[in-house]
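based on what follows, work out the 3D shape:
(4 chains)
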2 protein chains.
Amino acid sequence: MSTRRETVRQALTGSTGFRSAQDLYADLRAEGSKIGLTTVYRALQALSDSGEVDVLRTDDGEAVYRACDSEAHHHHLVCRKCSTAVEIEGPAVEEWAAEVGARHGFTGVTHTVEVFGTCADCARS
Amino acid sequence: MSTRRETVRQALTGSTGFRSAQDLYADLRAEGSKIGLTTVYRALQALSDSGEVDVLRTDDGEAVYRACDSEAHHHHLVCRKCSTAVEIEGPAVEEWAAEVGARHGFTGVTHTVEVFGTCADCARS
DNA sequence: TTCCATTTTGACAATCATTTTCATTTTCTC
DNA sequence: GAGAAAATGAAAATGATTGTCAAAATGGAA
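The predicted structure follows:
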C-alpha cells in the first residue's frame, strides 16, 4: 500500500471535521510534504471507494471528506461554521426511508441524511 | 417580472424529475428559444432563492432543480435512473434531527434528507 | 408617443474544483 | 539486480458555474 495514501489518511484522521482535497493539499504542503495535488485526489478517491472515509458535498458542490470512527452506516451532525462533525445513528430513519421507498414501488433504496447546525463552541464566539 | 424566468419555470414544471441548468438550457434551445445559458443560471438562482424550486447536488456535484407542488418543507424520493421524484414527508425524521442536534448542543439545526432508488418503471426495463 | 433610467439579457471571458495525460520515479517480483 | 507494474506529479484539459460589460427590452414621466 502506498505511503502517500497513508499520508493523506493521517492528515484526515488528525481532524474531527470534513476537509476538502484542496484543504488537505494545502496543509500537507505547508508542513513540508512534496505530495502533488493529483495524488491527494487519487488517495481520497481510493479511501472513499474502500469506504474508509465518508464524503459529502458542500452547498457549493465541493467534495469534503472525513475519516470516521465507524465504518458502519451512519450519518453526521456537522457544524456549519467549523465543519466539526459528530457521528450519529438513527434506526428509525433507516426504517422510514426503506418503507417510504417500498411504498412507492422503488427498489434498491438508499438514502442520504445529514444534520447541520452551529456547535456549542462556535455559538459561544 | 421577467419573461425569461417564467420560461425557465415552465420548462421545469413540465418535468417530474430533477433537471440541471445545462439540461434545461439544451431543451429550451432545442425547442427554438434564443435564451442564453447565463440567463438560465440566473433564473434558477432566483427561483431557488425565493423557494419556488428545490435544489440538490448529484454525486458528481452538479446542481439539479425541481419545481415542487408543495412549498412547505419536504424531502424527495428520487429515481436513480430517470431522476423522477416523489415528494415525501417524514414528521418522525424532522423530530429526530432536531432532537439529535439539541442533544449535542447544536443550535440552528437544519437537515437534508433524500431517498434514492429505482422507480417501478425503470426497474421494468 | 417620446425620452431617459432601470432592469434584463446574452456572448464571452474568467474561475475553480476535479480529471486526464504522460513521462518519470518507485516498488515488486523473479 | 533487471524488468514489469504500480504510483506519482507537473501540466494541460474539462466542465459547471460565475463575472463582465455592452446591447436590448421595459417602464414610467413628460
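
surely A:T112 touches B:E114?
Yes: counting by C-beta atoms under 8 Å, A:T112 does reach B:E114; the two are 5.2 Å apart. Every residue, glycine included, has its C-beta placed from N, CA and C.

of the two, who's got more company?
B:E114 (19 against 16; other C-beta atoms under 10 Å in any protein chain shown).

so where does that one fall, helix or strand?
Assigned by DSSP states H and E, B:E114 falls within strand B:107-118.

any regions of chain A where pLDDT drops low?
For chain A, the stretches flagged by pLDDT under 70 are A:1-2.

what ranges do the helices span in it?
Remark: helices assigned in chain A by DSSP state H are A:3-13, A:21-30, A:37-49, A:91-103, A:120-124.

any chance of those helices in CSV, plus distance to chain B and mean neighbour count?
Converted to CSV, the helices of chain A look like this (distance: least, C-beta to the nearest C-beta, whole Å; neighbours: other C-beta atoms under 10 Å in any protein chain shown):
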stretch, distance to chain B, mean neighbour count
helix A:3-13, 19, 17
helix A:21-30, 12, 17
helix A:37-49, 11, 17
helix A:91-103, 5, 16
helix A:120-124, 4, 12
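
quick one: name the residues of chain A near DNA strand C.
By C-beta under 7 Å from any atom of the strand, the residues of chain A that approach DNA strand C are A:3, A:20-22, A:37-38, A:41, A:45, A:62-63.

so which of the residues you listed is the closest to B:A67?
Distance to B:A67, by C-beta to C-beta, is smallest for A:E62 among those, at 26.1 Å.

the closest one contacts A:D23, correct?
No: the criterion here is C-beta under 8 Å, and A:E62 misses it with A:D23 at 9.4 Å.

contact partners for A:E114?
Contact partners of A:E114, counting by C-beta atoms under 8 Å, 6 or more residues apart in numbering or on different chains, are A:56, A:75-76, A:78, B:111-112.

residue in chain A nearest to DNA strand C?
Nearest residue of chain A to DNA strand C (C-beta to the nearest atom of the strand) works out as A:A63 at 3.3 Å.

verify the contact between that residue and A:Q22 for me.
No: in this structure, A:A63 is not within contact of A:Q22 by C-beta under 8 Å, at 9.9 Å.

how near is A:S48 to A:L56?
A:S48 sits at a distance of 11 Å from A:L56 (criterion: C-beta to C-beta, to the nearest Å).

and DNA strand D, which of the residues of chain A next to DNA strand C contact it?
Residues of the residues of chain A next to DNA strand C in contact with DNA strand D (C-beta under 7 Å from any atom of the strand): A:3, A:37-38.

could I get the contacting residues of the nearest residue to A:H76 once chain neighbours are set aside?
Distance criterion C-beta to C-beta, 6 or more residues apart in numbering or on different chains; nearest residue to A:H76, sequence neighbours excluded, is A:A85 at 4.6 Å. A:A85 makes contacts with A:16-18, A:66, A:76-79, as judged by C-beta under 8 Å, 6+ apart.

just to revisit the earlier point, tell me which residues of the strand holding B:E114 are tucked away?
Within strand B:107-118, the residues that count as buried by 16 or more other C-beta atoms under 10 Å in any protein chain shown are B:109, B:111-118.

likewise for stretch A:70-77?
Neighbour counts over stretch A:70-77 (16+ other C-beta under 10 Å) mark A:75-77 as buried.
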